[in-house]
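Chemist: what would the 3D arrangement of this be:
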Amino acid sequence: MINTDRIEELSREELIELTKVFAKNWIAHDGSWFLSIEEKYGMDMAIEMDIEAWRKFTVVEAKRLMQFLSLDKNSGIDGLKKALAFRLYSSLNEDEIVKVSDTVLEYRVKTCRVQQARRRKGLKDFPCKQVGIVEYSLFAETIDSRFKTEVVSCPPEITNSDYYCFWRFNLT
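Modeler: All right, here's what the predicted structure looks like:
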């Protein structure tokens, strides 16, 4: 039991745990919203609406992280690597962020709460490639406008079964 009535009085460990609670709540809300659209209008409409939501949200998320992390505009591979590590669901999904070279960064998601939840509910994997292209491209381009984003593996086109999804960012 937490022995305080204010967030400001929480210990470091309690604050870290609370960020995970917040992240889980956000993912649950995102999933509930998506499933509501999917159930009423079908997968195609849900994906269309999800793309539009991510088109707006991912830019806001990137800008807020840039401010929080004191990242300059066009902060390159190191800036994107740092920003990816601080995304809201980074505390929940197991991932790898690998600097391949001075111009290439790879982001590999080993566990995905969204896909795991769908499987628990007996649903097919969410074909997130279309949404991910918008989400990751705009996130990376907000951090540094020189990034080009490449999908290596992502549902429905899994080319690497070691990861739920796998993205490559090329600095041009």
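
Chemist: alpha carbons only for contacts and neighbour counts from here, please
Modeler: OK.

Chemist: okay, strands next: where are they in the protein?
Modeler: Counting by DSSP state E, one finds strands in the chain at the ranges 95-99, 104-109, 147-153, 165-171.

Chemist: residues contacting residue 65?
Modeler: 71, 83, 86, 87 (C-alpha atoms under 8 Å, 6 or more residues apart in numbering).

Chemist: turn these into JSON lines, including pLDDT, neighbour count and distance to residue 12.
Modeler: Listed next are the contacts of residue 65 as JSON lines, based on pLDDT from 0 to 100; neighbours: other C-alpha atoms under 10 Å; distance: C-alpha to C-alpha, whole Å:
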{"residue": "71", "pLDDT": "98", "neighbour count": "19", "distance to residue 12": "24"}
{"residue": "83", "pLDDT": "98", "neighbour count": "23", "distance to residue 12": "21"}
{"residue": "86", "pLDDT": "96", "neighbour count": "16", "distance to residue 12": "17"}
{"residue": "87", "pLDDT": "93", "neighbour count": "15", "distance to residue 12": "19"}
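
Chemist: tell me which of the residues you listed fall in helices.
Modeler: Here DSSP state H is the test, and those give residue 83 as lying in helices.

Chemist: of the contacts of residue 65, which pair is most distant in space?
Modeler: Taking C-alpha to C-alpha as the measure, the contacts of residue 65 span a maximum distance of 14.1 Å, between 71 and 87.

Chemist: on that earlier part again, highest average neighbour count across the strands of the chain?
Modeler: Each of the strands of the chain was scored by mean neighbour count; the highest is strand 165-171, a mean of 22, by mean count of other C-alpha atoms under 10 Å.

Chemist: what packs against that strand?
Modeler: Under the contact definition 3 or more C-alpha pairs under 8 Å, 6 or more residues apart in numbering; DSSP states H and E, strand 165-171 sits against strand 104-109, strand 147-153.

Chemist: next, the angle strand 95-99 makes with it.
Modeler: 20 degrees (axes from the mean of the first three to the mean of the last three C-alpha atoms, to 10 degrees).
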